[in-house]
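Chemist: just the structure for this:
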Amino acid sequence: MSTADELKALGNKALQSESYGDAIKYYSEAIELDPNNHVLYSNRSAAYAKQEKFEEALKDGEKCVTLNKSWGKGYSRKAAALAYLGRNSEAEECYKEGLKVDPTNQALKEGLAEVQRKSQQRPPNPFSTPEAIMKLRADPRTREYLNDPSFMQMLNMAQSNPQLLTSLMQSDPRFMTALGVLLGIDMADISSGADDSSMDTSDQFERPNPGTMDPPKKTEKPKEAPSEKPKELSPADQEKEKGNEAYKSKRFEEALQHYDKAIELDATNMTYILNKAAVYFEMGDFDKCIELAEKAVEIGRENRADFKQIAKGFARAANAYVKQKKYELAVKYFNKSLSEFRDPQIVKRCKQIEEIVKEQERKAYFDPVKSEEARQNGNQCFQKGQYPDAIKFYDEAVKRNPEEPKTYCNRAACYIKLGEFVLADRDCDETLKRDPKFIKAYLRKAQSWKTRDLDKAADILKEAQKIEPENREVADALLDIKDQKASKLMNTSNLSEEEIKQRAMQDPAVQEILSDPGIRMILNQMQEDPKAVADHLKNPIIAKKIEKLMEAGILQMR
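Modeler: A predicted model of the protein is given here:
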């Protein structure tokens, strides 16, 4: 049975290799053995965050802080999860709490700065400004709303939590009117008018499937609001609309002319430049697309554009790099986009490209000749007793040629020398996956189990014996296990029956057998009817477990 530290080491290894599901499994098993270890919750929180399971990441971060309030990293885990969930104000407070107990923690400082930067980029809440109530009371469309206690209650909710604005406007059309009054625009015109969504979503260059989309909710115009003439588009927006129509019809040169005119009329709006970049993308001029996307980001930052627009600029450049097969640059720009706004589609796209990069790196690094050179260097270090150095060479050999079974077996020998039996067992398994008849791997796997479970080690050797019945090393190893068992029995000859049982109960294998409800039922039946054991011994699995209990002194046959 593995210890919590061994499971944590396996979890860390899985996390580093981006096997997040395995990492979570190992950390969870470790937590069962050591439920008060705050580091385990911190590590599992990181793994959950990598899987974008931010609610679970938050729970583990909170548990980590509860267990150790003086550890800065726990606050960092909790705050990061809050930030991913969009709860920026809570994340900011958490980062500040962490800095109180760990003022020099760089991760906390950087996290706090990032959350504050994102908060500054968000548009202000129009309902929380000092003059909001005065504007609503002065306008005839909203004056009467303020006499309604239910509206005032919802208004207070909108002031304290701007994230509720969307749901409030959907549930009560008066909020749509109130927002229009505060912004000085007619919200009804915006919700029903045409937009340039085809251009704004061209980062993925895919159109949503109408069959999978919810129909837009209809909102009734409040009776109190008088009808107004639709607001006219600015000259620049008029040119943009013409450009959008040309773009949809694939009249790209015409679209570029209209976007250029829009930029001449308003050089501060990054959307026009982004739409122009989309045209060049469709035309296959990816260098020009990237150049314009970067320029759009620059213009957007200068004019404090919405962070989602900045994110689109980076994503557009990233998609152009993908078309050019410059995948590393694509990942870089996708991550820049995600640092501005975590769009689920961009997250998915980024992961796909990251997998391509990893596969390219793996193929570029593959070299059986250099792998063998590294393995031989590892063997030389092993013979000199330099086991950590040997492991470094074997690691390199595995990267160069991951299908060579001998390398894993050699590395397992190093782990055994260093007492890392769980890692040795894993490498033996990797060897046997590639060569199921590799006898040396069975011998080393059995060796890794000898200090933990002699019966398990014996079973491994018996499997090897089926492959090579005459193998001398296997036979000697089995004989050695038999001698160790006999020695254990001799050491208990002077102990009382109760002392023998107490010692046996410390054996993890014995504990596992006795925790089996089926075995407990059989033992009770044997007390009532000793002859019943003969029937149970016909089952080889049960016979093996009973034999183990007899060897340990837990069960005696008379």
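Chemist: show me what contacts the closest residue to K456 other than its chain neighbours?
Modeler: Residue nearest to K456 in three dimensions, not counting chain neighbours: W449, with 4.6 Å by C-beta to C-beta, 6 or more residues apart in numbering. For glycine as for every other residue, the C-beta is placed from the backbone atoms N, C-alpha and C. Residues near W449 by C-beta atoms under 8 Å, 6 or more residues apart in numbering: 421, 425, 456-457, 460.
Chemist: other SSEs contacting the helix ranked longest in the chain?
Modeler: Secondary structure assigned by DSSP state H gives helix 344-365 as the longest helix of the chain. Under the contact criterion of 3 or more C-beta pairs under 8 Å, 6 or more residues apart in numbering; DSSP states H and E, helix 344-365 touches helix 307-323, helix 327-340.
Chemist: now the first one: buried residues?
Modeler: So the one you mean is helix 307-323. Taking 16 or more other C-beta atoms under 10 Å as the neighbour-count basis, helix 307-323 is seen to contain the buried residues 307, 309-322.
Chemist: which of those residues lies closest to K445?
Modeler: For K445, the nearest member of those is V322. The distance, counting by C-beta to C-beta, is 44.0 Å.
Chemist: burial measure for the nearest residue to the closest one once chain neighbours are set aside, as a count.
Modeler: Take V322 and drop its neighbours on the chain: the residue closest to it by C-beta to C-beta, 6+ apart is A330, 4.6 Å away. When neighbours are counted by other C-beta atoms under 10 Å, A330 registers 26.
Chemist: what does the one 5 residues further on give?
Modeler: The local packing of N335 (other C-beta under 10 Å) involves 14 other residues.
Chemist: my read: it touches C350, true?
Modeler: Yes - contact status for N335 versus C350: in contact at 6.6 Å, counting by C-beta atoms under 8 Å.
Chemist: circling back to that earlier point, export the helix or strand where the residue nearest to K456 lies as CSV, just CAs?
Modeler: W449 belongs to helix 439-450 when assigned by DSSP states H and E. Taking C-alpha atoms only, helix 439-450 is exported to CSV below (Å, rounded to 0.1, in the frame of the first residue of the first chain):
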residue,chain,number,x,y,z
ILE,A,439,12.3,-11.2,-17.2
LYS,A,440,14.6,-8.6,-15.6
ALA,A,441,11.6,-6.3,-15.3
TYR,A,442,9.7,-9.0,-13.3
LEU,A,443,12.7,-9.4,-11.0
ARG,A,444,13.0,-5.7,-10.3
LYS,A,445,9.3,-5.3,-9.9
ALA,A,446,9.4,-8.1,-7.3
GLN,A,447,12.3,-6.5,-5.6
SER,A,448,10.4,-3.2,-5.3
TRP,A,449,7.6,-5.1,-3.5
LYS,A,450,9.8,-7.2,-1.1
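Chemist: how about low-confidence regions in the stretch 351-500 of the chain?
Modeler: Judged by pLDDT under 70, the stretch 351-500 of the chain has its weakly predicted residues at 488-500.
Chemist: switch to 80 and redo it
Modeler: Residues of the stretch 351-500 of the chain that meet the criterion pLDDT under 80 lie in 485-500.
Chemist: where do the helices of it begin and end?
Modeler: With DSSP state H, counting those that start in this stretch as the criterion, the stretch 351-500 of the chain has helices at 368-383, 387-400, 405-417, 421-434, 439-450, 454-467, 472-491, 497-504.
Chemist: give me the nearest residue to N379, chain neighbours excluded.
Modeler: Once its chain neighbours are removed from consideration, N379 has its nearest residue in N410; the separation is 6.5 Å (C-beta to C-beta, 6+ apart).
Chemist: remind me which residues of the stretch 101-250 of the chain are low pLDDT?
Modeler: Counting by pLDDT under 80, the stretch 101-250 of the chain contains low-confidence residues at 118-132, 134, 138, 140, 149-150, 153-173, 175-176, 179-232.
Chemist: quick one: the helices in it, in order.
Modeler: Using DSSP H, counting those that start in this stretch, the helices of the stretch 101-250 of the chain run over 106-121, 132-138, 149-160, 165-171, 173-183, 187-192, 197-200, 235-248.
Chemist: just these: most buried one?
Modeler: With neighbours defined by mean count of other C-beta atoms under 10 Å, none of the helices of the stretch 101-250 of the chain is more surrounded on average than helix 173-183, at a mean of 21.
Chemist: identify the residues contacting stretch 324-337?
Modeler: 286, 311-315, 317-319, 321-322, 343, 346, 349-350, 353-354, 356-357, 360.
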